[in-house]
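**Student:** have a look at this prediction, sequence included:
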Amino acid sequence: MLTTSIPSGWIAGAPIDGAGPDHTVLDPATGEPVAEVALAGSADVDAAVSAARAAQRDWGAATPAQRSEVLGALAAALDAQADLLAEQETAHTGKAIRLSREFDVPGSIDNVRFFAGAARILEGKASGEYSGDHTSSIRREPVGVVGSITPWNYPLQMAVWKVLPALAAGCAVVLKPAELTPLTTLTLARLATEAGLPDGVLNVVVGTGTDVGAAIAGHPDVDMVTFTGSTAVGRTVMGQAATHGTRVQLELGGKAPFVVFDDADLDAAIAGAVAGSLINAGQDCTAATRAIVAADLYDDFVAGVAEVMGSVVMGDPRDPATDMGSLISTAHRDKVAQMVARAPAQGARVVVGGQVPDGPGAFYPPTLIADVAESSEIYRDEVFGPVLTVSAFTDDDDAIRRANDTVYGLAASAWTRDVYRAGRASREIHAGCVWINDHIPIISEMPHGGVGASGFGKDMSMYSLEEYLTVKHVMSDNTGVAQKDWHRTVFADPGRGSR
């Protein structure tokens, strides 16, 4: 299923061998090697950008129908290799195979299908005579060469979210996956070539963020940079892109509130809190992380979540019976564990979990932390692990205030049977997405993206396609008159405007 040696990237329709140091891709659930790769470097980025620049002109000039046909073929190719993609995704991330098979891979394929159709739909203002003497029209044109940097938590989905709207818009792409998880991105590039995507339109370069990522973000021939990852790194990427005034789209961290009002369906909220906090072992920027619960329901909510969390099966990610696999690495697992270990000193109470299990692999158990103060680290900072904190609120005003007491604004949810409470939460919680009586579901037709420290711009949906297009106003004179009326602002004597 997996090779012991993988290419360092995919440039101009072919695999490449980088000249950088050897890197071992590990299975974080076992600590065993999955693949070896010689990392690419800045010279490979130059080659990839050159290939993209050469290919973009013809790809951008292709008709929407032609681009749509290629992207549709790519969706079919991915579907045919769905089992391989799921196995690869689990092998280098440690996530449960059920998540790979039932969420990551089918969701990615659906997104490709969506943008295959979206490539043929470019809406704009109707042509018309707005000045009276001219006809104005709007053109939507591709940005050009897009540099994309994707994270390790959802390698295939994040690659698709970045690549597909860019391709549908007529752009060419240079993509850097996380060096921890390059397998499915390389497979995506190979299948795109086999599906008929012209050489150079999609290029992949496997390397570190400090080398390859920085070279992409600061490259003078890259027209747009798009990044998904932590807020701190996103700000670094934005600074690198600013060197050349390059357009930027960022999807960054989150600290999603999960607000449970006193009229909520308690069983639904408990199930939603556990599922929403543990998806992908909590390594999800939209995961439920801060349960903010009405005081009257607080004790029952904590007890119910503890009970359900205790039933979650953590173990071999390749076993379909496993609910939750490992974290991405032992280094990241230790960071999560240290944050949890510091919580009691700040007044919190670890109800379930909180201990690194014995044995190999980067495993960390589902963890519930109650009585969390708003000022505490575990409440304010992104943990990115299977950890849910719980605090109580007194009234609706307090609930909304607590939900918004964060620098992040990616996602949130509100749990209530009251339509007016639901409406207020959807209006007043500052986030790019607010779910009502659910937490986590996404759909290709709807946008994903945040506000504040969670970034700006959108992935998925037609709103995402807009990120990769420029708007050009074309204004044509209808009069055929040499001396225009507005020329009087330049010439006091109209006769001087003629010869």
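**Tutor:** Nice, thanks for sending it over.
**Student:** domain map for the chain?
**Tutor:** 4-252+456-473, 257-436 (the TED database).
**Student:** relative to the whole chain's centre, how far out is the shortest one?
**Tutor:** What that stands for is domain 257-436. 20 Å (CA atoms, centre = their mean, to the nearest Å).
**Student:** now do the same end-to-end measure for it.
**Tutor:** 12 Å (CA to CA, to the nearest Å).
**Student:** just stretch 94-104 next, same as before
**Tutor:** 13 Å.
**Student:** identify each buried residue in that stretch, please.
**Tutor:** 94, 95, 96, 97, 98, 99, 100, 101, 103, 104 (16 or more other CB atoms under 10 Å). The way it works is simple: take the backbone N, C-alpha and C, and place the C-beta from them, glycine included.
**Student:** could you do stretch 201-220 as well?
**Tutor:** 201-209, 211-219.
**Student:** from the opening residue of it to its closing one, how far?
**Tutor:** First-to-last residue span, stretch 201-220, CA to CA: 18 Å.
**Student:** check stretch 435-451 too.
**Tutor:** 16 Å.
**Student:** nearest to residue 448, out of the domains of the chain?
**Tutor:** domain 4-252+456-473 (4.7 Å; CB to CB).
**Student:** can you tell me what sits against stretch 302-313?
**Tutor:** 266-267, 270-271, 273-274, 278, 291, 293, 321-324, 351-353, 366-368, 370, 388, 390 (CB atoms under 8 Å, 6 or more residues apart in numbering).
**Student:** in PyMOL, how would I select the buried members of the residues you listed?
**Tutor:** Applying 16+ other CB under 10 Å to the contacts of stretch 302-313 leaves a buried subset, and the PyMOL line that selects it is:
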select buried, resi 266+270+273+274+278+291+293+322+323+324+351+352+353+366+367+368+370+388+390
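**Student:** the contacts of stretch 302-313 in helices, which ones?
**Tutor:** 266, 267, 270, 271, 273, 274, 278 (DSSP state H).
**Student:** got the contact list for the second one?
**Tutor:** Residue 267 makes contact with residue 304 under the criterion CB under 8 Å, 6+ apart.
**Student:** what's the answer for residue 435, then?
**Tutor:** With CB under 8 Å, 6+ apart, residue 435 has these contacts: 411, 412, 413, 414, 441.
**Student:** the same query, at a cut-off of 7 Å, please.
**Tutor:** residue 413 (CB atoms under 7 Å, 6 or more residues apart in numbering).
**Student:** doesn't it belong to a strand?
**Tutor:** Yes: applying DSSP: H, G, I helix; E, B strand; the rest coil, one finds residue 435 inside a strand.
**Student:** bridging residues for it?
**Tutor:** Residue 435 has the following beta-bridge partners by DSSP bridges: residue 413.
**Student:** show me where pLDDT drops low in the stretch 201-350 of the chain?
**Tutor:** Residue ranges of the stretch 201-350 of the chain with pLDDT under 70: none are present.
**Student:** got phi/psi on residue 301?
**Tutor:** phi -60, psi -50 (degrees, to the nearest 10).
**Student:** state the number of residues packed around the nearest residue to residue 22 once chain neighbours are set aside.
**Tutor:** Spatial nearest neighbour of residue 22, chain neighbours left out: residue 38 (5.6 Å); criterion: CB to CB, 6 or more residues apart in numbering. Each residue near residue 38 was counted by other CB atoms under 10 Å, and the total is 19.
**Student:** how about residue 307?
**Tutor:** 12.
**Student:** that older thread, ok, the residue nearest to residue 22 - contacts?
**Tutor:** Neighbours of residue 38 in contact, by CB under 7 Å, 6+ apart: 8, 17, 18, 19, 20, 22.
**Student:** let's go with 8 Å and repeat that
**Tutor:** Residue 38 neighbours (CB under 8 Å, 6+ apart): 8, 17, 18, 19, 20, 21, 22, 23.
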